[in-house]
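Engineer: next come a sequence and a model predicted from it.
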Amino acid sequence: MATVKLYRHTDTNAPQLAGVVGRMITLLDAVLVNGYNTVNVASITRDSSIATVTTASAHGFNTGDIVLIAGATQTPYNAEFRITVTSTTTFTFAVTSEPASPATGTITCKRAPAGFSKAFTGTNKGVYRSNDLSSDRRFYRFTDDGTTTAGASEIALTGWENMTSVDAGDGRFPNTTDDANGHYMRKSSTNDATNRPWTIVSDGKTVYMFVEYAGNAANVMGTGNIHSLSFGDTRPLRPTDKYCSFIAGSTTANQTSTVSNGLFSAGSSFSTPNYASSVNVNRDINGVTLGVPHRNVGCSGSNLGSSTFIRYPNGADNSLIIGPVALAYSEMLRAFMPGIYDNYHGRVIANGDYIENVRGYEGRKFMMQYGQTGSTSCSIFIDITGPWE
């Protein structure tokens, strides 16, 4: 099962995002492909099934982070582990075998990447694809070269079924008739080097990205306008449905004070989906039509997490009530969106805060993520425990 990983601009040595060409490609290379915050390891010792890592300098990790160990002569240490931090220079993790202790070799550790490869590269462009062979493995092409309407402060994303270079392929979604450049996200409200807060969550198959594009004095996520961009696999209800990969972002370039965004814009009528507020899927359920607009369906109303008509905690059982987000078109529910949940209560906790042991989802940890569609304040809960299957 794929591991869910959380990345934020506040992580130690995380790449920063700004209204400068290429900054999103640098960020995606680090988060999706390479990892970041590489630290030299002074020693690894093992006591029974618990390994203790001592780093040569402060490691900057937190309990619950997924860390990639590399360079040990004993190969069982060379893997990804969810860690428990015990000091600024030590952390522990569980090992299932009994490698020699202490470990030998020239060993490093870093924040583990999400599990994608960079299939093709170009000047301020990148095409990414999941490494997980159980995924749909579509190609996702990012343009960060300043050629869209908002210039250096905006990126564009398209999905492709096949690609032969950074600029060529077939099975493009959305199709060029619907949108010449794909879906958009603002990195910043200004074309300059001012850093903006960001958050990315992924299970190696699906990626959810959020940027506080206007920024704020405290440089924190969740106080103002938030753009989002998402892509990857869904969970189709029909087992033979092999055409349900998606992208979701703004379908209008140069969005500023308001955000038209498919991820948060839900609906209750789907016979003729509104493209301007849609998720775009690579084909229809029969595998015929390319680039089909869909819409999300939640439990709280027309937009995900925007309703507050049920107080929190719920009076009947003192609980938080959440539900899965479905993907719909042509009067059918086609799939579920992995890892994200709508709620009846609205923004009941601060952006980025956690809540555990939610009724019906015991043993899982959820993070509150704010978002927007139009001028409406929205929110979702993201399962950061996983797996999302």
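Structural biologist: Nice, thanks for sending it over.
Engineer: when you work out contacts or count neighbours from here on, use the C-alpha atoms and nothing else.
Structural biologist: Will do.
Engineer: how many neighbouring residues does the nearest residue to Asp284 once chain neighbours are set aside have?
Structural biologist: Spatial nearest neighbour of Asp284, chain neighbours left out: Val292 (6.0 Å); criterion: C-alpha to C-alpha, 6 or more residues apart in numbering. Residue neighbour count, defined by other C-alpha atoms under 10 Å, stands at 23 for Val292.
Engineer: tell me the mean pLDDT over whichever strand or helix holds Arg364?
Structural biologist: Element membership of Arg364 [criterion: DSSP states H and E] is strand 361-373. Averaged across strand 361-373, the pLDDT comes to 93.
Engineer: show me which helix or strand of the chain is least confident by mean pLDDT.
Structural biologist: strand 290-297 (a mean of 86; mean pLDDT, DSSP states H and E).
Engineer: distance check, the residue nearest to Asp284 against Met209.
Structural biologist: 22 Å (C-alpha to C-alpha, to the nearest Å).
Engineer: next: Pro174.
Structural biologist: Taking C-alpha to C-alpha, one finds Pro174 at 19 Å from Met209.
Engineer: need the pLDDT of Tyr208.
Structural biologist: pLDDT, Tyr208: 98.
Engineer: count the residues that sit near it.
Structural biologist: Counted with other C-alpha under 10 Å, Tyr208 comes out at 22.
Engineer: now do the buried residues in the strand holding Arg364.
Structural biologist: Neighbour counts using 16 or more other C-alpha atoms under 10 Å place 365-373 of strand 361-373 among the buried residues.
Engineer: nearest to Ile200, of these?
Structural biologist: Nearest to Ile200 among those, counting by C-alpha to C-alpha, is Gln369 at 10.5 Å.
Engineer: my read: that closest one touches Ile384, true?
Structural biologist: No: counting by C-alpha atoms under 8 Å, Gln369 stays clear of Ile384, with 11.4 Å between them.
Engineer: secondary structure class for the closest residue to Ile285 other than its chain neighbours?
Structural biologist: Excluding the flanking residues, the one nearest Ile285 by C-alpha to C-alpha, 6+ apart is Asp241, at 6.1 Å. Secondary structure assignment for Asp241 (DSSP: H, G, I helix; E, B strand; the rest coil): coil.
Engineer: for Tyr213, see how far away Asp241 is.
Structural biologist: 36 Å.
Engineer: ok, these two, which is more surrounded?
Structural biologist: Ranked by neighbour count (other C-alpha under 10 Å), Asp241 and Tyr213 place Tyr213 first, with 28 against 16.
Engineer: ok, the nearest residue to that one once chain neighbours are set aside - contacts?
Structural biologist: In space, and not counting its chain neighbours, Tyr213 is closest to Ser188: 4.1 Å by C-alpha to C-alpha, 6+ apart. Residues near Ser188 by C-alpha atoms under 8 Å, 6 or more residues apart in numbering: 18-19, 153-154, 196, 212-215.
Engineer: now with 6 Å?
Structural biologist: Neighbour list for Ser188: 18-19, 153, 213-214 [criterion: C-alpha atoms under 6 Å, 6 or more residues apart in numbering].
Engineer: redo those as CSV? Include pLDDT and secondary structure.
Structural biologist: Putting the contacts of Ser188 into CSV (pLDDT from 0 to 100; DSSP: H, G, I helix; E, B strand; the rest coil) gives the following:
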residue, pLDDT, secondary structure
Ala18, 97, coil
Gly19, 97, coil
Ser153, 96, helix
Tyr213, 92, coil
Ala214, 89, coil
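Engineer: out of those residues, which is nearest to Asn37?
Structural biologist: Ala18 (19.5 Å).
Engineer: hmm, Ile200 is touching Met209, no?
Structural biologist: Yes: look at Ile200 against Met209 with C-alpha atoms under 6 Å: they come within range, at 4.5 Å.
Engineer: neighbour count for those two, which is higher?
Structural biologist: Using other C-alpha under 10 Å as the criterion, Ile200 and Met209 rank with Ile200 on top: 21 against 18.
Engineer: can you tell me the closest non-neighbouring residue to Ser265?
Structural biologist: Counting by C-alpha to C-alpha, 6+ apart, the residue nearest Ser265 is Asn303, at 4.8 Å.
Engineer: now do the end-to-end distance for stretch 218-231.
Structural biologist: From the first residue to the last, stretch 218-231 extends over 29 Å; the measure is C-alpha to C-alpha.
Engineer: quick one: buried residues of that stretch?
Structural biologist: Buried residues in stretch 218-231, counted by 16+ other C-alpha under 10 Å: 219-222, 224-231.
Engineer: same deal with stretch 313-333?
Structural biologist: By 16+ other C-alpha under 10 Å, the buried positions in stretch 313-333 come out as 320-329, 333.
Engineer: sort out for me which of those are in strands.
Structural biologist: 322-329, 333 (DSSP state E).
Engineer: I'd like those residues as TSV, with pLDDT and distance to Asp132 appended.
Structural biologist: Converted to TSV, those look like this (pLDDT from 0 to 100; distance: C-alpha to C-alpha, whole Å):
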residue	pLDDT	distance to Asp132
Ile322	93	29
Gly323	92	27
Pro324	94	23
Val325	93	23
Ala326	91	23
Leu327	91	23
Ala328	88	26
Tyr329	84	27
Leu333	90	26
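Engineer: sounds good, over and out.
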